[in-house]
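A.B. asks: Starting from these lines, generate the structure:
(chains A and B, ligands or ions: 1)
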Amino acid sequence: MSLALHPFDDSELTPPECAPTLARIQSALDGEPVDFATDAHATACPACRDRVRALAVLLGALAEPHAAEPVPAGFADRVLAALHNERPAARRSFVRYSVWAALAAALLVGAYFAFGTSRPPEGPQPPRELVKSEPEVAPAPRERPVRIGDAMAHAGQSLLDAPKPLTESVAVAPKLFDALAGPIAWPAAKPMGADVLEPARQAVLELPTAARDALEPVTGTAAKAYARFLRDLGTVKPNS
Amino acid sequence: MSADAALVTRCLDGDPAGARELVERFQTDVLAVCHRLLNNQHDAEDAAQETFARVFRSLARWDRTRPLKPWVVGIAVNRCRTAIGKRAKRPELADYLHDAPDTRPADDSAETATEIRAAVDALRSEYREVFVLFHEQNLPYEEIAEAVGRPVGTVKTWLHRARLEVLDRLRARGVVPAEPQPEPR
Ligand SMILES: [Zn+2]
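C.D. replies: Purely as a prediction, here's the structure:
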């Protein structure tokens, strides 16, 4: 990059007998006290003698307190303003990500219903009345933890197989999805009201236990992401 | 939680005062590194701004077990490398050289400082980075290693070679008097 030549680039070319003196020079530049008066080579070798004198000049210059460049006026303001202008894009992409996350959750719910209701029961069946009288409980926790990849694969299949129930489960918070469908203005002029957020919260609370179990492997992240998602939504205003 | 980690947490939580505090805590160091590596006020400010943009974008990836400053300085060094790379593609390659101090040194010490600066500027980029970070920013070897993303051993090798090149350039430029001076007793 530099236009200057580097005549001293290969310092391995220094004669080996210079090495102890060069090591002392390095120690001095590391801030250690070094006495060159006892270094016979530092006097005998013309190159090292000059280096030691140059060292004194360099150490003197480096010891000079140099005033830090003044920070240009308004620098922090400009950085923060640029950051603020950048943020809507970042938030929008987060919201887009969150929509996908919400859809994935919805897919899992859909998958649960699709598989839970369409799979033919195995073994002898109890009488119809008995089935009816049983409360709607979630299936017992599975022995093998659900892998999110498998769950998503099943969910994808259920999307192909049963689009209608899926649409219905996604539509559980219509205002929320309606709000997300439009372009988003930032910052919010008017925060999104409880009339939109409440159904969304409710929808999550009403997720069947099985669906929550299925989400178990991702709960930590998902819960945090969803909490942030809802918090952020509170300040998002749909463009009409 | 360390003070660094607490500040980063506030920034990640979207606290504007936290973001301002982070900028104000590091702006002097970041600007100094950028100015020293780019030798141009305008380019330095651009690179410093880009540094903070990158810092905020990557904040969640900062390793909380490590100090924040070398991480931030490392991002600044990277932005400078990018700026130097772009500059090399510009046809007016040597324009930035004209941005050097425009007044002749008034005395010997100023002249010496200018010579030293020229010697450091003539170093290849890795050597110049570690020289500036060690001797002008006073970062310890470990933090320089963090900042430039190389092992401490490599940083020491680069710095030792950088120093020898600077000394030999000062010799070659006659900054050191040719005749040995009597030792003060
Ligand atoms: Zn020698």
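A.B. asks: For chain A, what lies in contact range of the ion?
C.D. replies: For chain A, the residues in contact with the ion (Cβ under 5 Å from the ion) are A:18, A:45, A:47-48. No exception for glycine: its C-beta is placed from N, CA and C like everyone else's.
A.B. asks: So which of those residues reach chain B?
C.D. replies: With the criterion set as Cβ under 8 Å from any Cβ of the partner chain, the members of those near chain B are A:Ala47.
A.B. asks: Where does chain B get nearest to chain A, residue-wise?
C.D. replies: B:Ala122 (3.7 Å; Cβ to the nearest Cβ).
A.B. asks: I'd like to know how many residues surround that residue.
C.D. replies: 19 (other Cβ atoms under 10 Å in any protein chain shown).
A.B. asks: if you look at the residues of chain A next to the ion, which of them are in helices?
C.D. replies: Taking DSSP state H as the definition of helices, those contribute A:47-48.
A.B. asks: out of the residues of chain A next to the ion, which is most surrounded?
C.D. replies: Most surrounded of these: other Cβ under 10 Å gives A:Cys48, at 25 neighbours.
A.B. asks: Could you find the closest non-adjacent residue to that residue?
C.D. replies: Take A:Cys48 and drop its neighbours on the chain: the residue closest to it by Cβ to Cβ, 6 or more residues apart in numbering or on different chains is A:Thr21, 4.5 Å away.
A.B. asks: by contact count, what packs against the helix or strand where that neighbour lies?
C.D. replies: Using DSSP states H and E, A:Thr21 falls within helix A:19-29. On a contact count with 3 or more Cβ pairs under 8 Å, 6 or more residues apart in numbering or on different chains; DSSP states H and E, helix A:19-29 meets helix A:40-44, helix A:46-63, helix B:152-172.
A.B. asks: could I get those helices as TSV with mean pLDDT?
C.D. replies: Shown next, in TSV, are the helices and strands packed on helix A:19-29 (pLDDT from 0 to 100):
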stretch	mean pLDDT
helix A:40-44	95
helix A:46-63	93
helix B:152-172	96
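A.B. asks: So which of those helices has the densest surroundings on average?
C.D. replies: By mean neighbour count, with neighbours taken as mean count of other Cβ atoms under 10 Å in any protein chain shown, helix B:152-172 ranks first of the helices and strands packed on helix A:19-29 at a mean of 20.
A.B. asks: any idea of the angle it forms with helix A:46-63?
C.D. replies: Interaxial angle of helix B:152-172 relative to helix A:46-63 (axes from the mean of the first three to the mean of the last three Cα atoms, to 10 degrees): 110 degrees.
A.B. asks: Residues touching helix B:152-172, excluding its own?
C.D. replies: Residues from elsewhere that reach helix B:152-172 (Cβ atoms under 8 Å, 6 or more residues apart in numbering or on different chains): A:6-9, A:11, A:14, A:22, A:25-26, A:29, A:47, A:50-51, A:54-55, A:57-58, B:115-116, B:118-120, B:122-123, B:126-128, B:130-131, B:134, B:141-142, B:144-145, B:148, B:150, B:176.
A.B. asks: Can I get the residues of chain A next to the ion in TSV including distance to A:Ala73?
C.D. replies: TSV is the format used below for the residues of chain A next to the ion (distance: Cβ to Cβ, whole Å):
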residue	distance to A:Ala73
A:Cys18	50
A:Cys45	52
A:Ala47	48
A:Cys48	48
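A.B. asks: ok, residues contacting the lowest-mean-pLDDT helix or strand in chain B?
C.D. replies: Least confident helix or strand, chain B: helix B:108-121 with a mean of 89, by mean pLDDT, DSSP states H and E. Contacts to helix B:108-121, defined as Cβ under 8 Å, 6+ apart, come from residues A:2, A:4, A:57-58, A:60-61, A:64, B:39, B:101, B:105, B:128, B:131-132, B:162, B:165-166, B:169-170, B:173, B:175.
A.B. asks: Beyond it, next helix or strand please.
C.D. replies: For helix B:108-121, the following helix or strand on the C-terminal side (DSSP H and E) is helix B:125-131.
A.B. asks: Which strands or helices does that next one pack on?
C.D. replies: Right, helix B:125-131 is packed against helix B:16-38, helix B:68-89, helix B:108-121, helix B:141-148, helix B:152-172 by 3+ Cβ pairs under 8 Å, 6+ apart.
A.B. asks: and the ones you listed as TSV, adding distance to B:Phe56?
C.D. replies: Output for the helices and strands packed on helix B:125-131, formatted as TSV (distance: least, Cβ to Cβ, whole Å):
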stretch	distance to B:Phe56
helix B:16-38	7
helix B:68-89	10
helix B:108-121	31
helix B:141-148	18
helix B:152-172	27
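A.B. asks: For the ion, which of those helices is the nearest?
C.D. replies: Among the helices and strands packed on helix B:125-131, helix B:152-172 comes nearest to the ion, with 11.3 Å by Cβ to the ion.
A.B. asks: Pull the number of nearby residues for A:Pro72.
C.D. replies: When counting by other Cβ under 10 Å, one arrives at 15 neighbours for A:Pro72.
A.B. asks: what sits against it?
C.D. replies: So A:Pro72 contacts B:31, B:45 (Cβ under 8 Å, 6+ apart).
A.B. asks: Distance of A:Glu17 relative to chain B?
C.D. replies: Relative to chain B, A:Glu17 is positioned 15 Å away (Cβ to the nearest Cβ, to the nearest Å).
A.B. asks: ok, and the closest non-adjacent residue to that residue?
C.D. replies: A:His41 (6.4 Å).
A.B. asks: list the contacts for the one you found?
C.D. replies: A:17-18, A:20-21, A:48.
A.B. asks: show me the contacts for the residue nearest to the spatial centre of chain B.
C.D. replies: Centroid-nearest residue in chain B, with Cα atoms, centre = their mean: B:Val33, separated by 3.2 Å. Neighbouring residues of B:Val33 by Cβ under 8 Å, 6+ apart: B:73, B:76-77, B:80, B:132-133, B:137.
A.B. asks: what do you get if the cut-off is 7 Å, keeping everything else the same?
C.D. replies: B:73, B:76-77, B:132, B:137 (Cβ atoms under 7 Å, 6 or more residues apart in numbering or on different chains).
A.B. asks: Output those in CSV; the columns should cover distance to chain A and neighbour count.
C.D. replies: Shown next, in CSV, are the contacts of B:Val33 (distance: Cβ to the nearest Cβ, whole Å; neighbours: other Cβ atoms under 10 Å in any protein chain shown):
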residue, distance to chain A, neighbour count
B:Val73, 14, 25
B:Ala76, 13, 26
B:Val77, 14, 27
B:Val132, 11, 23
B:Gln137, 10, 18
